[in-house]
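Chemist: Below is the sequence, then the predicted model.
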Amino acid sequence: MKQTLTLYYDKECPFCNHYARFLTLQKSHELHLVNAREALQKIRTQCPQLDINDGMIIEMDGRCLQGTEALAYLDAIIIRNTLFGRLHRVWRLTPWLTLPLYSVIKLLRRIALFFMGKKSDIE
């Protein structure tokens, strides 16, 4: 039986959108992509302790992971024989760099959305 994962991400963010589109998981997992901007109430219900503005959220089996924890989980189940899968190894190979790198990516998201005329905070 496949484990179902829901990935809440900001579809308006070019980095987030590309990441979600290129993510390919092992066959034992089924991935549902959900635009956080359209599902804020569901996120607040399913993962009340988390704020989507702090990074993407994965929800599975009533558990929620966010940011670097979510990336680490995805790294364990991503298909490695794709270019994106091989690039994803950076999260596993450099754990001491994961948090600073993720913080930079979040900052770049805010900058990109600012220049695109979009709100960076999802409300």
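Modeler: Structure received. Note that the structure is a prediction, hence the values are computed from the model and not measured.

Chemist: helix/strand/coil for Asn53?
Modeler: Three-state call for Asn53 (DSSP: H, G, I helix; E, B strand; the rest coil): helix.

Chemist: low pLDDT regions in the protein?
Modeler: For the chain, the stretches with pLDDT under 70 are 91-93, 95.

Chemist: For it, which residue occupies the most central location?
Modeler: Nearest to the geometric centre of the chain sits Met56, at 3.7 Å (Cα atoms, centre = their mean).

Chemist: in the sheet, who's paired with the residue nearest to that one when sequence neighbours are not counted?
Modeler: Nearest non-adjacent residue to Met56, counting by Cβ to Cβ, 6 or more residues apart in numbering: Tyr9, 4.6 Å away. Every residue, glycine included, has its C-beta placed from N, CA and C. With DSSP bridges applied, Tyr9 shows beta-bridge pairing to Asn35.

Chemist: so who does Tyr9 touch?
Modeler: Tyr9 is in contact with Cys16, Asn17, Tyr19, Ala20, Leu33, Val34, Asn35, Ala36, Met56, counting by Cβ atoms under 8 Å, 6 or more residues apart in numbering.

Chemist: Where does the fourth one sit, in terms of helix or strand?
Modeler: Going back to what we said before, that points to Ala20. helix 14-22 (DSSP states H and E).

Chemist: Send over that helix as CSV, restricted to the C-alpha atoms.
Modeler: Coordinates of each C-alpha in helix 14-22 appear next as CSV, following Å, rounded to 0.1, in the frame of the first residue of the first chain:
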residue,chain,number,x,y,z
PRO,A,14,9.1,30.2,-8.9
PHE,A,15,11.6,28.2,-6.7
CYS,A,16,8.9,26.4,-4.8
ASN,A,17,6.9,25.7,-7.9
HIS,A,18,9.8,24.2,-9.8
TYR,A,19,10.8,22.1,-6.8
ALA,A,20,7.4,20.7,-6.5
ARG,A,21,7.0,19.9,-10.2
PHE,A,22,10.4,18.1,-10.4
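
Chemist: Could you pull out the buried residues of it?
Modeler: Within helix 14-22, the residues that count as buried by 16 or more other Cβ atoms under 10 Å are Cys16, Tyr19, Ala20.

Chemist: Since that was my last question, I'll sign off now.
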